[in-house]
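# Here is a sequence with its predicted model. Questions after.
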2 protein chains.
Amino acid sequence: MFIAYVYHYQHDVSRIQSVNEDTSPFYGKPDEKYVMVTFQSGMDYWKRCLKGFEDAAEALNVSVEYRGATQYDVNEQVTVLEQVIARKPAGIAVSAINPTALTKTINKAVEEGIPVVLFDSNASGSKAFSFLGTNNYSAGVTAAHEMAKLLKNEGKVAIITSPHQLNHQERTRGFVETIYQKYPRMQVVAVKNGKGDAMASKQAAMEILKDYPDVQGIFATEANGGVGMAEAVKELNKKEIKLISFDTEKQTLDLVKGGVIAATLAQGTWNMGYWSLQFLFHLHHHLTSPSRSGDSPLPTYVDTGITVVTRENVDHFYAK
Amino acid sequence: MFIAYVYHYQHDVSRIQSVNEDTSPFYGKPDEKYVMVTFQSGMDYWKRCLKGFEDAAEALNVSVEYRGATQYDVNEQVTVLEQVIARKPAGIAVSAINPTALTKTINKAVEEGIPVVLFDSNASGSKAFSFLGTNNYSAGVTAAHEMAKLLKNEGKVAIITSPHQLNHQERTRGFVETIYQKYPRMQVVAVKNGKGDAMASKQAAMEILKDYPDVQGIFATEANGGVGMAEAVKELNKKEIKLISFDTEKQTLDLVKGGVIAATLAQGTWNMGYWSLQFLFHLHHHLTSPSRSGDSPLPTYVDTGITVVTRENVDHFYAK
């Protein structure tokens, strides 16, 4: 018995030495906490970002917490972020409600030595180490090519967007410039403000279809706009209009499945969350690029990609 | 004694259970080999890419191999890549000698189930899972702003580039468009082919300075161009001309240190190699985004960033 224990003991010591935390740098502590901070924190959209964040945390043996402004409220997000910083977490991934409002607070965190990355919505003037999100201009380009395919490269189209948000400005610009440069027999005749709201977007779509009765397609740059325009074409019984929406909320997927919305653009939300946590872990554990003065320790921008979702592949996009 | 061993044994078993290979997914096998494939494989430039690749491999407990075409030779790189594929490595990171020549070979690897990512130079039509490299348009924009700063927003400038390579076309376009759009008192008067060669670039710079004696700055989009134009201004004794080069070869750094070249742009080469290996490891071990049909398992593009190197910070950029 005694010899057996000794044997086991030595055998296991050698295993420990070759495989323990000191050998693998990708093994954190369960009390090492990383926080994801959003706004309108109850939105479905964040669920898959958080899933990626959680999956990375589980793999790296660390903990995560989800916080956010419950409303679309700048001051509320600043307050939440300040509360999170005060507890000195191992890292923070922030989706910024607008490009400037959080900059001072983000910089404070970085100056205190807390790693911060931005995901989904950037604050490009801040000291955050990286931004992980969709290339919104490219997403607009993809939407334009998809619309051209649906309309066989010909016809009038319109856009419903949120003109005060940078993301949406870029999606709009990618769409408009691509139609203008690549499809001479197509034309963008109207760009309307849907206010990120289904009711306002329905109203905007109704106006578009009244003012331009020959419009054959509408691109909504966000999900509520997609739902609103779908209601408008149903109410006006104009189901021949080709609709392209954004994101993969259940309501949007149901409309794609039902054939009302022809296509929607899925963002790489799992990758945003997963690689945000990987980057924060690398910063916290000093696993980034060996320091050179002024050098960026991490890639400055990660384009998490876009997937076109149509009736053919929509079933794969329902949350499991 | 006996009790002490029992105690240790149990204690260590619990440690093993929580910390062994089965728990951390970021622990490969030493015979799991990842290969980096380049062209002009002896160039200094690749060293820091390979260092990042090696650092990630060490952290993940896997092996790496470095292969490449020794010359700037398309067929040689295709042959090398085919040889690498035949040995079925765990993953391949390729820097493509041109945007199309390797596409068929890359696709063959992916179809055989070998993960492939591209770094530094893209082959965007291929089935590789991601591209990690510099945003060359942004690098050109950065060079333009730096040149404007050096010339106090006023004066004629020129470019020495390799007009047949996509990377260099984008650097040139970023520079030209920024000067045109942002600096009305500046003008790009010449864009010359330096052929990626110091002698040809010296000749190009001599011609520029003869044809446009009032040129005040030259931007070379690659390292040999930088060395060549530095020789031209030394020979003509025109050291007041502001030169901006690219990359951080020793010769370039020496010229920055000596004040002949005002600034050079450092690419995030360590990050290219490090995150290439991380991505390949994630693909090989199925640690990527839970599959949705058509979804990109990894971020499609990683911008590894640019750093401006001047006399102030040049010492940090010498290889250690």
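Done, it's in.
# can you tell me which residues contact the residue nearest in space to the middle of chain A?
In chain A, the centroid-proximal residue (CA atoms, centre = their mean) is residue A:120; its distance is 3.7 Å. By CB atoms under 8 Å, 6 or more residues apart in numbering or on different chains, the contact list for residue A:120 reads A:49, A:95, A:132-134, A:267, A:269, A:272. Using the backbone N, CA and C atoms, a C-beta is placed for each residue, glycine as well.
# ok, and the closest non-adjacent residue to residue A:26?
Nearest residue to residue A:26, sequence neighbours excluded (CB to CB, 6 or more residues apart in numbering or on different chains): residue B:26, at 3.7 Å.
# ditto for residue A:236
Among residues not flanking residue A:236 along the chain, residue A:209 sits closest, at 5.9 Å (CB to CB, 6+ apart).
# thought that neighbour was touching residue A:232?
Yes - counting by CB atoms under 8 Å, residue A:232 is a contact partner of residue A:209 at 6.6 Å.
# what do these two both touch?
Here residue A:209 and residue A:232 have no joint contacts, going by CB under 8 Å, 6+ apart.
# Residue A:273 versus residue A:44, what's the distance?
14 Å (CB to CB, to the nearest Å).
# Going by how many neighbours each has, rank these two and give me the top one.
Higher neighbour count among residue A:44 and residue A:273: residue A:273, with 30 against 14, using other CB atoms under 10 Å in any protein chain shown.
# give me every residue that touches residue A:202.
A:228-229, A:231-232, A:235 are the contacts of residue A:202 under CB under 8 Å, 6+ apart.
# could you redo the last one with a cut-off of 10 Å?
Contacts of residue A:202 were listed using CB atoms under 10 Å, 6 or more residues apart in numbering or on different chains, and they are A:160, A:194, A:224-225, A:227-235.
# quick one: which helix or strand includes it?
For residue A:202, the host element (DSSP states H and E) is helix A:198-211.
# and what of residue A:53?
Counting by DSSP H and E, residue A:53 is found in helix A:45-60.
# Convert the C-alpha atoms of that helix to CSV, please.
What follows is helix A:45-60, C-alpha atoms only, in CSV (Å, rounded to 0.1, in the frame of the first residue of the first chain):
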residue,chain,number,x,y,z
TYR,A,45,-29.0,40.9,-30.2
TRP,A,46,-26.5,40.7,-27.3
LYS,A,47,-27.3,37.1,-26.4
ARG,A,48,-24.9,35.6,-29.0
CYS,A,49,-22.2,38.1,-28.1
LEU,A,50,-22.5,37.1,-24.5
LYS,A,51,-22.5,33.4,-25.5
GLY,A,52,-19.1,33.9,-27.2
PHE,A,53,-17.8,35.8,-24.2
GLU,A,54,-19.0,33.0,-21.9
ASP,A,55,-17.6,30.2,-24.1
ALA,A,56,-14.2,31.8,-24.1
ALA,A,57,-14.4,32.3,-20.3
GLU,A,58,-15.2,28.7,-19.7
ALA,A,59,-12.4,27.6,-22.0
LEU,A,60,-9.9,29.9,-20.1
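# Show me what counts as buried in it.
By neighbour count, with 16 or more other CB atoms under 10 Å in any protein chain shown as the criterion, the buried positions of helix A:45-60 are A:45-46, A:48-57, A:59-60.
# Among the contacts of residue A:120, which one lies nearest to chain B?
The shortest approach to chain B among those belongs to residue A:132, at 7.3 Å (CB to the nearest CB).
# Looks to me like the closest one is in a helix.
No - read with DSSP: H, G, I helix; E, B strand; the rest coil, residue A:132 is strand and lies in no helix.
# For the nearest residue to residue A:116 once chain neighbours are set aside, report the pLDDT, please.
Once flanking residues are discounted, residue A:116 sits nearest to residue A:128: 4.6 Å by CB to CB, 6+ apart. Listed pLDDT for residue A:128 reads 96.
# Let me know the helix or strand that residue A:128 is in.
Counting by DSSP H and E, residue A:128 is found in no helix or strand.
# State the distance from it to residue A:99.
Taking CB to CB, one finds residue A:128 at 12 Å from residue A:99.
# Return every residue with contacts to both of the two.
A:118, A:122.
# Looking at those two, which one has more neighbours?
Taking neighbours as other CB under 10 Å, residue A:128 and residue A:99 compare with residue A:128 leading, 25 against 17.
# Contacts only, for the more buried one.
By CB under 10 Å, 6+ apart, the neighbours of residue A:128 are A:92-94, A:96, A:102-103, A:106-107, A:109-110, A:115-119, A:122, A:300.
# Now do the phi/psi pair for the closest residue to residue A:124 other than its chain neighbours.
Excluding the flanking residues, the one nearest residue A:124 by CB to CB, 6+ apart is residue A:99, at 6.4 Å. Main-chain dihedrals, residue A:99, degrees, to the nearest 10: phi -70, psi -10.
# Residue A:99 reaches residue A:126, doesn't it?
Yes - in this structure residue A:99 lies within contact range of residue A:126 using CB atoms under 10 Å: 9.0 Å.
# Which parts of the stretch 1-150 of chain A are strands?
Applying DSSP state E, counting those that start in this stretch to the stretch 1-150 of chain A gives strands spanning A:33-39, A:63-69, A:91-94, A:116-119, A:131-133.
# Mind putting these into a markdown table with mean neighbour count and mean pLDDT?
A markdown table is the format used below for these (neighbours: other CB atoms under 10 Å in any protein chain shown; pLDDT from 0 to 100):
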| stretch | mean neighbour count | mean pLDDT |
| --- | --- | --- |
| strand A:33-39 | 25 | 97 |
| strand A:63-69 | 19 | 97 |
| strand A:91-94 | 28 | 98 |
| strand A:116-119 | 27 | 98 |
| strand A:131-133 | 26 | 97 |
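# Nearest spatial neighbour of residue A:28, chain-adjacent residues omitted?
Once flanking residues are discounted, residue A:28 sits nearest to residue A:62: 3.8 Å by CB to CB, 6+ apart.
# Good, wrapping up.
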